[in-house]
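Peer 1: 3D model of this:
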Amino acid sequence: MKLFLSFIFIRRGIISYNNLPTKALVRSFVILLALITMVISPAYADQSITYLGLDDLSFEKQKENTYEWKLLLNGTSWEEGTSKSVGFSTKVNTKFKFQLNNKLNIKLEGGVQWYSDNSQYTLNDYGSDSFIFADEASLNFETLEYLTFSAGSLNQGFLNAPLLISGRSFPGLKQELAIKNKKYELGLLAQQLIPTSTVFNDERTEEEELPTFLTGTLFAEYNFNNPFTKLPTAKLNAHVALSYFKFSDLPSITADRGGLYGHTGADVGIGPNSRFLYEFAGYLFEPKVSILDKNNYDLTIGGYWADNVEAIQNDRIQSMYVEAEKVISNYTVGMRVENFFKDSEASPAVYSSAHYGGNNREGMFYEASLEFNKYNFKLIAQYIDSKLISINPVQDNRQAYYLGVETLYVKF
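Peer 2: Down below sits the predicted model:
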């Protein structure tokens, strides 16, 4: 009963803080809470207020919770040799951020989707055809001034290299140290994750090890104000990142599926005994330069390069792209042109974006978009011409088309 009363006081204190007229009442509430906690557990009484984070609430205003959503409707079609497919998808994406106090928050990003097509494997990312999906579900603790610890299901989109790994979400831990102001940002980010598959292969005669995915990223960003005399309102942003990645003990099902998506080797694609030809560990380099001008246009030139140091050959990823946006009256016109290349043994195919056709691919990616600023939605069209780097019996040149309508994120 005492524990229940303590919980009620905690919840009411957090919810009603913004309505209290003076800091004196807050301090009285904190003292009362401490006394209740001492009754419940005297051994922890001297730590209880700091542990719950309520000392922060008594000195500064609590950050607000945020809730956002968007809707996507799209159709895809592709043709690869004698195989053809048409599919349709409806997706509702949501973002929730709950501030437990000024240093502790919970992020929930995901939603629901309906997807149907007429092929054995699709243009969707591997495992992304679930009715309910989660892009991120994490508990984040901001300690000291620049250090953040996160735990939960963590999204990998921040690497900005979909040929290496798409915006998949893996369970694990993340530590981020970042120093940031209006001019620049410097940081170091490390992760210890479990790269999930649909299941472990229970047809194997021996037990499989728990897979791991480790990353470490150094990143820097700098904003140059007014570097152009002819575009006085423009800003130049330069970004660079260098990452190390390592996959270990991947389950056989990832190698089995990988045989369909471009991996080579005698032990790939033969059910429970599937094995990759090489392990996967290496480096990713990502530079990007953007000119941002709200009165004219935005232009970005970037790319990324990755190498699997465990492979003797067929170990390279590269991407070079140009993106541009132009505001015309109440509309924003956008485009993206990308040249891509991915060797067969550069990274696990099932974790990279399937829009490019898997591994052993090179080609061009084109995107055009029209955003209706007044009505908060946009049209997107894509064309991907993906050719084989080397001939194999399970792949062919692929052409893919995408047409979609999506709203922008809006608050609830």
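Peer 1: Can you tell me whether I have it right that residue 375 is in a helix?
Peer 2: No. Using DSSP: H, G, I helix; E, B strand; the rest coil, the assignment for residue 375 is coil, not a helix.
Peer 1: Report pLDDT for it.
Peer 2: pLDDT recorded at residue 375 is 92.
Peer 1: so how far is residue 289 from it?
Peer 2: 32 Å (C-beta to C-beta, to the nearest Å). The way it works is simple: take the backbone N, C-alpha and C, and place the C-beta from them, glycine included.
Peer 1: Compare the two and say which is more crowded by neighbours.
Peer 2: residue 289 (14 against 10; other C-beta atoms under 10 Å).
Peer 1: So for residue 397, what's the nearest residue that isn't a sequence neighbour?
Peer 2: With C-beta to C-beta, 6 or more residues apart in numbering as the criterion, residue 397 has its nearest non-adjacent residue at 4.9 Å, and that residue is residue 387.
Peer 1: Which of the three states applies to that neighbour?
Peer 2: With three-state DSSP as the basis, residue 387 sits in strand.
Peer 1: what's the neighbour count on it?
Peer 2: Count around residue 387 with other C-beta under 10 Å applied: 14.
Peer 1: Quickly list what it is bridged to.
Peer 2: For residue 387, the beta-bridge partners under DSSP bridges are residue 362.
Peer 1: so what pLDDT did it get?
Peer 2: With respect to pLDDT, residue 387 has a value of 95.
Peer 1: distance of it from residue 258?
Peer 2: 19 Å.
Peer 1: circling back to that earlier point, confirm for me that the residue nearest to residue 397 is in contact with residue 356.
Peer 2: No. Applying C-beta atoms under 8 Å as the test, residue 387 and residue 356 come out as separate, 11.0 Å apart.
Peer 1: what residues are shared contacts of these two?
Peer 2: Common neighbours of residue 387 and residue 356, using C-beta atoms under 8 Å, 6 or more residues apart in numbering, are residue 363.
Peer 1: Pull the contacting residues for residue 182.
Peer 2: Taking C-beta under 8 Å, 6+ apart as the test, what residue 182 contacts is residue 223.
Peer 1: ok so it is a helix residue?
Peer 2: No. Using three-state DSSP, the assignment for residue 182 is coil, not a helix.
Peer 1: Give the buried residues for stretch 176-184.
Peer 2: For stretch 176-184, a neighbour-count test (16 or more other C-beta atoms under 10 Å) marks residue 176 as buried.
Peer 1: let me redo that: stretch 215-232
Peer 2: 215, 217, 219, 221, 223.
Peer 1: Pull up the gap between the second one and residue 158, please.
Peer 2: To residue 158, residue 217 is 8 Å away according to C-beta to C-beta.
Peer 1: The third one too?
Peer 2: In this structure, residue 219 lies at 9 Å from residue 158, with C-beta to C-beta as the measure.
Peer 1: what's the longest strand in this structure?
Peer 2: strand 83-99 (DSSP state E).
Peer 1: Return the list of helices and strands in contact with that strand.
Peer 2: strand 66-80, strand 104-117 (3 or more C-beta pairs under 8 Å, 6 or more residues apart in numbering; DSSP states H and E).
Peer 1: In its sheet, which strands sit next to the shortest one, and in what direction?
Peer 2: If you go by DSSP bridges, strand 104-117 pairs up with strand 83-99 (antiparallel), strand 132-143 (antiparallel).
Peer 1: same check, this time on the longest one
Peer 2: Strand 66-80 has its sheet partners listed here by DSSP bridges as strand 83-99 (antiparallel), strand 398-407 (antiparallel), strand 410-411 (antiparallel).
Peer 1: Could you chop the chain up by domain?
Peer 2: 1-60, 63-411 (automatic domain parsing).
Peer 1: weakest of the ones you listed by average pLDDT?
Peer 2: domain 1-60 (a mean of 42).
Peer 1: Just give me the residue closest to the centre of the protein.
Peer 2: In the chain, the C-alpha nearest the mean C-alpha coordinate belongs to residue 157, at 2.7 Å (C-alpha atoms, centre = their mean).
Peer 1: Ramachandran angles for the closest residue to that one other than its chain neighbours?
Peer 2: In space, and not counting its chain neighbours, residue 157 is closest to residue 167: 3.5 Å by C-beta to C-beta, 6+ apart. The phi and psi values for residue 167, taken as degrees, to the nearest 10, are phi -70, psi 50.
Peer 1: number of nearby residues for residue 167?
Peer 2: Residue 167 has 17 nearby residues by other C-beta under 10 Å.
Peer 1: That one contacts residue 156, correct?
Peer 2: Yes. Contact status for residue 167 versus residue 156: in contact at 6.3 Å, counting by C-beta under 8 Å.
Peer 1: Walking through the stretch 251-400 of the chain, point out its helices one by one.
Peer 2: 252-258 (DSSP state H, counting those that start in this stretch).
Peer 1: ok so, going back, residue 391: which of the buried residues of stretch 215-232 is nearest?
Peer 2: Minimum distance to residue 391 across the buried residues of stretch 215-232 is 33.2 Å, recorded for residue 215 (C-beta to C-beta).
Peer 1: Residue 158 falls within a helix, correct?
Peer 2: Yes. Assessed with three-state DSSP, residue 158 lies in a helix.
Peer 1: How about the contacts made by it?
Peer 2: residue 189.
Peer 1: which one is residue 346 nearest to, not counting chain neighbours?
Peer 2: Closest to residue 346 by C-beta to C-beta, 6+ apart is residue 317, at 4.6 Å.
Peer 1: For residue 400, list each beta-bridge partner.
Peer 2: residue 78, residue 384.
Peer 1: wait, it sits on residue 355?
Peer 2: Yes. With contact defined as C-beta under 8 Å, residue 400 counts as touching residue 355 (7.0 Å).
Peer 1: Just list whatever residues bridge to the residue nearest to residue 98 when sequence neighbours are not counted.
Peer 2: Closest residue in space to residue 98, ignoring its immediate chain neighbours: residue 106 at 4.5 Å, by C-beta to C-beta, 6+ apart. With DSSP bridges as the criterion, residue 106 is bridged to residue 98, residue 139.
Peer 1: contacting residues for residue 106?
Peer 2: 96-98, 100, 138-140.
Peer 1: Sort out which one of those lies nearest residue 115 for me.
Peer 2: Closest to residue 115, out of all of these and judged by C-beta to C-beta, is residue 96, at 23.0 Å.
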